[in-house]
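>>> this one's structure only:
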């Protein structure tokens, strides 16, 4: 069988890098200019001891790379995926990687052996998004030409459908805006309607589309329902807004706006009634008046993520560009329950912090602990950028505030920490004899960090 390219090497060892408070340390750092790695825009995914990052940078060819979590070295490339449309892959429980770009899909075993690689037919004509796998075992692939492709985990094609629709006598398509989310055997995609003749003079219409991945005739993909809303899905170069978020009770969360103005937007909480979608609640937010307060006033929405415990206790968390605000929404009650100023919440730990970066969510779990939180970069009074980690509460009504976990200095970030981190961060398991059971893979503006964390 074909073997993935293992001739790649080159990484910066973490020996001597600074130790953070409360059991966290930068173990290694790989620069964007390394011979082994390029700029990681999309981020990384991990499953156990396997870690894969999507390289979409200018320094090397676009590709998917399997990394050794212990030291950041590149183990191998996933072959046949080298176009400009490489996306975040899927990792299965065996450590295998399934990835795709605008022309093919392939699976590579954790040892570097290519299991299978097949062309996509028909080839997507537009941008491709990261895949997801439903409980029926079908891999869902969406592209912004309205195409939906199904593929089984053994590389056998399932079906290809186009989300064509006629509205008021006008032919067009529902165009996916990002990767789908899944609940059971149903995949959900945030879309916009695009008439075949182009945008003008038709109004912008968003829709959530539900696609059944099993039980259809012949086991084929089948769109089940779509729910229209005369709002813009928030898709302004931030994929976090184009992916339907899933609440603990199975409800779907879509962020949308009446215009391109990110100062005002709506949170739609949608239930799947099997044959139709129903908006359970809608929360309209305007940071200039609804919440007021200087910490969120005139702030632009930057990131959204969910956190939940068992049952139906669920939160939607929102962070903002150029602001230290953290807003929590009770998805069940359909209301804002707290607004926190991160710069003033944690006393001496963050006192005097400035220029906070965007906050990114993470989840870590081992046999003894389960931590859900967020990280962000800020400049402390010492002048050095630090990565700060907070643990978020999951109970509603909240009995505890977010808890400060640790911080580590990241001097490589220089003078602009507010623009420092992006993409998807991932948590991998570190093998013995490491003193840190978990590794946080953090893409940044200067390279990839591997941060050891003790839970």
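Perfect, I can see it now. All figures in this text were calculated on a predicted structure; none of them were measured in a lab.

>>> identify the bridge partners of residue 389.
Here residue 389 sits in beta bridges with residue 375, residue 406, going by DSSP bridges.

>>> any idea how far residue 372 is from it?
The gap separating residue 389 from residue 372 is 11 Å, by Cβ to Cβ, to the nearest Å. No exception for glycine: its C-beta is placed from N, CA and C like everyone else's.

>>> now do the helices in the stretch 251-400 of the chain.
Using DSSP state H, counting those that start in this stretch, the helices of the stretch 251-400 of the chain run over residues 342-345.

>>> how far does stretch 437-449 sit from the chain's center?
15 Å (Cα atoms, centre = their mean, to the nearest Å).

>>> swap in stretch 264-278?
21 Å.

>>> average pLDDT for that stretch?
Averaged over stretch 264-278, pLDDT sits at 89.

>>> contacts for it, please.
183, 186, 188, 208, 210, 224-227, 229, 231, 234, 247, 250-258, 279-288, 301, 316, 329, 331, 334 (Cβ atoms under 8 Å, 6 or more residues apart in numbering).

>>> which residues do residue 389 and residue 372 both contact?
residue 362.

>>> so those two - more neighbours on which side?
Higher neighbour count among residue 389 and residue 372: residue 389, with 24 against 20, using other Cβ atoms under 10 Å.

>>> so, low pLDDT: which residues of the stretch 251-400 of the chain?
258-263, 286-300, 307-313, 321-323, 343-358, 366-369, 381, 395-400 (pLDDT under 70).

>>> all strands for it, in order.
Secondary structure of the stretch 251-400 of the chain by DSSP state E, counting those that start in this stretch: the strands cover 252-257, 264-272, 277-286, 300-308, 314-321, 325-330, 335-341, 360-365, 370-379, 385-391.

>>> possible to save the ones you listed as JSON lines with distance to residue 47?
Shown next, in JSON lines, are the strands of the stretch 251-400 of the chain (distance: least, Cβ to Cβ, whole Å):
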{"stretch": "strand 252-257", "distance to residue 47": "24"}
{"stretch": "strand 264-272", "distance to residue 47": "27"}
{"stretch": "strand 277-286", "distance to residue 47": "31"}
{"stretch": "strand 300-308", "distance to residue 47": "19"}
{"stretch": "strand 314-321", "distance to residue 47": "24"}
{"stretch": "strand 325-330", "distance to residue 47": "28"}
{"stretch": "strand 335-341", "distance to residue 47": "32"}
{"stretch": "strand 360-365", "distance to residue 47": "12"}
{"stretch": "strand 370-379", "distance to residue 47": "16"}
{"stretch": "strand 385-391", "distance to residue 47": "21"}
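
>>> of all the ones you listed, which one is nearest residue 441?
Smallest distance to residue 441 across the strands of the stretch 251-400 of the chain (Cβ to Cβ): 9.7 Å, for strand 360-365.

>>> counting contacts, what elements does the closest one pack onto?
strand 300-308, strand 370-379, strand 426-429, strand 438-443 (3 or more Cβ pairs under 8 Å, 6 or more residues apart in numbering; DSSP states H and E).

>>> listing partners with orientation, what would you give for the shortest one?
I take that to be strand 426-429. strand 438-443 (antiparallel).

>>> who's in contact with the strand it pairs with?
By Cβ under 8 Å, 6+ apart, the list of residues contacting strand 438-443 reads 27, 40-41, 43-44, 46, 51, 53, 67, 69, 362, 364, 366, 375, 387, 421-430, 448-455.

>>> can we see that at 6 Å?
40, 43-44, 51, 69, 364, 423, 425-428, 430, 449-453, 455 (Cβ atoms under 6 Å, 6 or more residues apart in numbering).

>>> same question, stretch 146-166
For stretch 146-166, with Cβ under 6 Å, 6+ apart as the criterion, the contacting residues are 105, 116, 118, 124, 137-139, 141-142, 173-175, 220-221.

>>> turn those into TSV, columns for secondary structure and pLDDT.
Shown next, in TSV, are the contacts of stretch 146-166 (DSSP: H, G, I helix; E, B strand; the rest coil; pLDDT from 0 to 100):
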residue	secondary structure	pLDDT
105	strand	84
116	strand	88
118	strand	86
124	coil	81
137	coil	81
138	strand	85
139	strand	88
141	strand	87
142	strand	89
173	strand	90
174	strand	91
175	strand	89
220	coil	72
221	coil	82
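
>>> list only buried entries from those.
Buried members of the contacts of stretch 146-166, counted by 16 or more other Cβ atoms under 10 Å: 105, 124, 138-139, 141-142, 173-175, 220-221.

>>> show me the residues around residue 318 that make contact.
304, 327.

>>> report the beta-bridge partners for it.
Residue 318 has these beta-bridge partners by DSSP bridges: residue 304, residue 327.
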